[in-house]
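Trainee: Quick one: sequence and predicted model below, then my questions.
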Amino acid sequence: MNLQHLKYVIEIANSGSINKAAEVLFMAQPNLSRAVRELESELGYTIFDRTSKGMIPTTEGAAFVTTARRILKEIDSIAEIGKQECSSKKSFSLIAPYASYISDAFVELVKCVGDENTEFTFKENPPLGVVKAMTAGEFKLGILRYYSAQENNTLHALSDKDFSYELITEFNYTVLMNAENPLAEKEEVSMVDLKSQSELIYGYVNSPTTVNHFMINDDAPKQDHRIFVYEKEVLLSLLSEKKDLYVWTAPMPEKLMKRYGLIQKRCTENKLFFKDILFYKKDYHLTELDKLFITELINSKRRCFDI
């Protein structure tokens with residue numbers, strides 16, 4: 001006996017006809033008749049009397065139908081509890097460019113909430129991937145990075161897609177390197193200083209926010225040794241293991257630099273400014289989780305950009 005058998009019996013009792021019940025259940029009448037006979041054989045008593053007026057429950061059958069209805073009702077109640085549990089579950093989702101101050105804020109958010117009924121999703125992507133995912137409704141919040149000079153086009157494009165947005169910060173990339181790098185003693189570094197180093201390039205070269213030596217100053221001495229990396233862990237491991245590497249990156253939290261033995265320096269010739277903005281659909285209402293994340297994001301920004 002299984003739940004399907006209970007549904008069969010209840011439908012036959014409701015319709016009073018095995019033919020009508022078979023139509024409602026979208027199954028062949030012989031198959032339904034066989035299922036009922038097998039069930040009756042298993043139970044050891046007859047559930048229905050087959051009469052010219054249709055299928056009439058026997059005394060035992062009527063008791064069976066009543067019990068079957070109660071069982072299915074209780075099962076439906078259990079399923080409803082699951083639905084209520086799912087509907088009460090909180091969720092937070094964010095897609096953003098790679099930036100340590102953003103991931104730092106996300107970590108602090110998870111630490112603050114610590115609620116098993118909350119689902120968190122965080123993904124890093126280049127700008128085009130961020131906008132595409134947000135447009136498709138895959139994430140509730142997005143952070144977009146762009147050149148300051150591209151602001152008008154970027155903001156108009158977001159407005160056309162029915163997004164609201166607010167500025168998080170404006171910055172230029174710093175030079176991240178090993179704390180024992182030969183340039184570590186300098187207060188600021190120049191492009192000539194960096195000529196003696198090997199350049200790490202993190203991310204896709206065709207991404208408008210992947211910064212490299214030539215974007216900062218195309219008149220600078222040519223960089224001979226370049227390493228392209230697409231995994232953050234590999235990037236940080238290389239910087240922590242080799243003392244003659246550098247990468248252009250957004251400012252990083254002090255605690256993360258200490259973990260990997262890194263430092264960051266300003267470059268005197270870097271005049272390339274970026275902006276990070278938080279954006280979301282205009283009809284979306286920020287949740288308490290979203291607001292808490294924004295608070296952590298502001299705190300993280302202050303810690304990272306005070307260099």
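Mentor: Looks like it came in fine.
Trainee: For Ile95, which residues are in contact?
Mentor: 122-125, 129-130, 133-134, 138-139, 141-143 (CB atoms under 8 Å, 6 or more residues apart in numbering). C-beta coordinates here come from the backbone N, C-alpha and C atoms, glycine included.
Trainee: And for Phe92, the neighbour number?
Mentor: Using other CB atoms under 10 Å, Phe92 has 22 other residues around it.
Trainee: so it touches Leu289, yeah?
Mentor: Yes - the criterion here is CB atoms under 8 Å, and Phe92 meets it with Leu289 at 4.5 Å.
Trainee: anything in contact with each of these two?
Mentor: Leu109, Thr118.
Trainee: in the chain, what spans have low per-residue confidence?
Mentor: 79-88, 115-116, 204-223, 306-307 (pLDDT under 70).
Trainee: can you do 80?
Mentor: 1-2, 26, 76-89, 114-116, 203-224, 305-307 (pLDDT under 80).
Trainee: That one: strands as residue ranges?
Mentor: With DSSP state E as the definition, the chain shows strands at residue ranges 48-51, 54-57, 90-96, 118-124, 141-147, 163-172, 174-178, 188-189, 198-202, 226-229, 245-249, 262-267, 273-281.
Trainee: can you list these in JSON lines and add distance to Leu72?
Mentor: Listed next are those as JSON lines, based on distance: least, CB to CB, whole Å:
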{"stretch": "strand 48-51", "distance to Leu72": "18"}
{"stretch": "strand 54-57", "distance to Leu72": "16"}
{"stretch": "strand 90-96", "distance to Leu72": "31"}
{"stretch": "strand 118-124", "distance to Leu72": "31"}
{"stretch": "strand 141-147", "distance to Leu72": "42"}
{"stretch": "strand 163-172", "distance to Leu72": "46"}
{"stretch": "strand 174-178", "distance to Leu72": "62"}
{"stretch": "strand 188-189", "distance to Leu72": "73"}
{"stretch": "strand 198-202", "distance to Leu72": "57"}
{"stretch": "strand 226-229", "distance to Leu72": "58"}
{"stretch": "strand 245-249", "distance to Leu72": "60"}
{"stretch": "strand 262-267", "distance to Leu72": "62"}
{"stretch": "strand 273-281", "distance to Leu72": "40"}
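Trainee: How about residues contacting stretch 9-18?
Mentor: By CB under 8 Å, 6+ apart, stretch 9-18 touches 21, 24-25, 29, 32-33, 36, 39, 47-48, 53-57, 61, 64-65, 68-69, 72.
Trainee: Can you give me the buried ones in that stretch?
Mentor: Buried residues in stretch 9-18, counted by 16 or more other CB atoms under 10 Å: Val9, Ile10, Glu11, Ile12, Ala13, Ser15, Ser17, Ile18.
Trainee: Stretch 142-152 now?
Mentor: Counting neighbours by 16+ other CB under 10 Å, stretch 142-152 gives Gly142, Ile143, Leu144, Arg145, Tyr146 as buried.
Trainee: which ones are touching the fourth one?
Mentor: Shown here is Arg145, whose contacts under the criterion CB under 8 Å, 6+ apart are Pro97, Ala99, Pro127, Thr209, Phe274, Lys275, Asp276.
Trainee: how many other residues sit next to the fifth one?
Mentor: Going back to what we said before, that points to Phe274. 20.
Trainee: Would you check that it makes contact with Leu167?
Mentor: No - using CB under 8 Å, Phe274 is not in contact with Leu167, being 11.5 Å away.
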